[in-house]
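Trainee: Please find the sequence and the predicted model below.
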Amino acid sequence: MTLPSVLITRRIPDSVLQRLEPHCRIDLYRGDGAIPAAELHARLSGKRGLMCLLTDRVDAAVMDAAPELRIVANIAVGYDNIDCAAARARGIVVTNTPDVLTEATADFTWGLILDVTRRVSEGERLVRRGAWRGWALDFMLGTDLRGKQLGVVGMGRIGRAVAARAGAFGMRVAYSTVDAGGPFAGPHGEPYAAMCLDELLTSSDVVTFHVPLTPQTRHLVNRRSVLRLKRGAYIVNTSRGPVIDEEALAWALGEGLLAGAALDVYEREPAIHPDLLRLERVVLAPHLGSATVETRTAMADLAARNVIAVLAGGAPLTPVPA
């Protein structure tokens, strides 16, 4: 029996390739960066499976180039890069990789919070350019987190994991959801404060975003909402770049309305708004939220297990919501 053919759009760990090899013929794109759109179309011909990343746009035209396609396994939690309605219409299963990256992304979010509030990256840049002149009582003062409010926008797996860590830093938690979820409480049963988005923005000292990218969440941070933010607050985003209007954020930071921002994702990755690049009180990370060896391997492995299950005629392990 001929094994089904699967296209993989990026290099993945050898252990995951070894899992796949007994079950399918692998066509692995080995180039640097995202697979070009024309090559994606061409190489999908005859494929029954596709393992892709958030940098790959999988729309109706891509699916039409592969009439035998049965599964699109996204190596990510988010799946806004895939036209799920077009997939359903063609009987194509779409899967993602929830759970396996929750803890790593939550840890990284707190790394960004600590970095921007204590000016770690800003200080590191100063040291490297030889501008440090020694210790001083009033030099590069940051802000304490203890006794402050953490505002969590989006209480999915990652949002809840970020909130659960707040007690270690003495912060109280308020949250706003994009759905009807809740109520939510901390690991020791302490209730979190449910708020509408405007109330959360006006009262929180640090606001962190953990929402999927949808028409409703695109530019959730805009000129209007930054004016609602508490003066001297910090913004952190490890969800999806277009959740924040970068021009509006840069304007607010330039006007001194915010104390700082820490971003791991961007509107037009890998491009970043030039004003953000010039501002000192901004931490800019290159989309590292899930970037640990263990987590990225687990993400690819889960995608592979979804492919194996579906191509064998079984149910997907982690299908995206219908």
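Mentor: Perfect, I can see it now.
Trainee: How many residues are close by Leu69?
Mentor: Neighbours of Leu69 under the rule other CB atoms under 10 Å: 25. Just so you know, the C-beta spots here come from the backbone N, C-alpha and C atoms, and that holds for glycine as well.
Trainee: Quick check, central residue of the chain?
Mentor: The C-alpha lying nearest the average C-alpha coordinate of the chain belongs to Ser239 (CA atoms, centre = their mean; 3.6 Å).
Trainee: need the contact list for it.
Mentor: Ser239 is in contact with 78, 154, 158, 209-213, 265, counting by CB atoms under 8 Å, 6 or more residues apart in numbering.
Trainee: and with 10 Å instead?
Mentor: 77-78, 105, 109, 153-154, 156, 158-159, 208-213, 217, 220, 264-265, 289 (CB atoms under 10 Å, 6 or more residues apart in numbering).
Trainee: Next: Tyr175.
Mentor: 150-155, 159-160, 162-163, 181-184, 192-195, 200, 204, 210.
Trainee: can we see that at 7 Å?
Mentor: With CB atoms under 7 Å, 6 or more residues apart in numbering as the criterion, the residues that contact Tyr175 are 152, 155, 163, 184, 192, 194.
Trainee: Over to Asp56?
Mentor: 9, 34-35, 40, 81.
Trainee: Then Ile8?
Mentor: Residues touching Ile8, when contacts are defined by CB under 7 Å, 6+ apart, comprise 26, 28-29, 51.
Trainee: cool, and His210?
Mentor: Listed by CB under 7 Å, 6+ apart, the contact set of His210 reads 152-154, 156, 158-159, 162, 239.
Trainee: Please apply the same query to Val94.
Mentor: Taking CB under 7 Å, 6+ apart as the definition, contacts of Val94 comprise 72, 74, 79, 82, 84, 87, 319-320.
Trainee: Which of the residues you listed ranks first by neighbour count?
Mentor: In terms of neighbours by other CB under 10 Å, these top out with Val72 at 30 neighbours.
Trainee: Confirm that Thr97 lies within a strand, as I assumed.
Mentor: No. Applying DSSP: H, G, I helix; E, B strand; the rest coil, one finds Thr97 to be coil, outside a strand.
Trainee: For it, give its distance to Val293.
Mentor: 15 Å (CB to CB, to the nearest Å).
Trainee: among the contacts of Val94, which are in helices?
Mentor: If you go by DSSP state H, those have 84, 87 in helices.
Trainee: now, which of the contacts of Val94 lie within strands?
Mentor: When DSSP state E is applied, the contacts of Val94 are split such that 72, 74 fall in strands.
Trainee: Mind picking the two most distant members of the contacts of Val94?
Mentor: Ile82 and Pro319 (12.1 Å; CB to CB).
Trainee: all helices of the stretch 151-300 of the chain, in order?
Mentor: Read by DSSP state H, counting those that start in this stretch, the stretch 151-300 of the chain holds these helices, from start to end of the chain: 157-164, 197-203, 223-228, 246-254, 274-278, 293-311.
Trainee: Break the chain into its domains for me.
Mentor: According to automatic domain parsing, the chain is divided into the following domains: 5-100+293-311, 102-284.
Trainee: can you tell me which of the helices of the stretch 151-300 of the chain comes nearest to Ala61?
Mentor: Ala61 lies closest, by CB to CB, to one member of the helices of the stretch 151-300 of the chain: helix 293-311, at 21.8 Å.
Trainee: Now do the closest one: everything it contacts.
Mentor: Contacts made with helix 293-311 from outside it, assessed by CB under 7 Å, 6+ apart, are listed as 4, 6, 12-13, 15-16, 19-20, 23-24, 48-49, 51, 70-71, 73, 75, 93, 95, 97, 100-101, 104, 290, 315-318.
Trainee: Distance of Asn78 relative to Gly154?
Mentor: Quick fix: residue 78 reads Gly, not Asn. As judged by CB to CB, Gly78 and Gly154 stand 12 Å apart.
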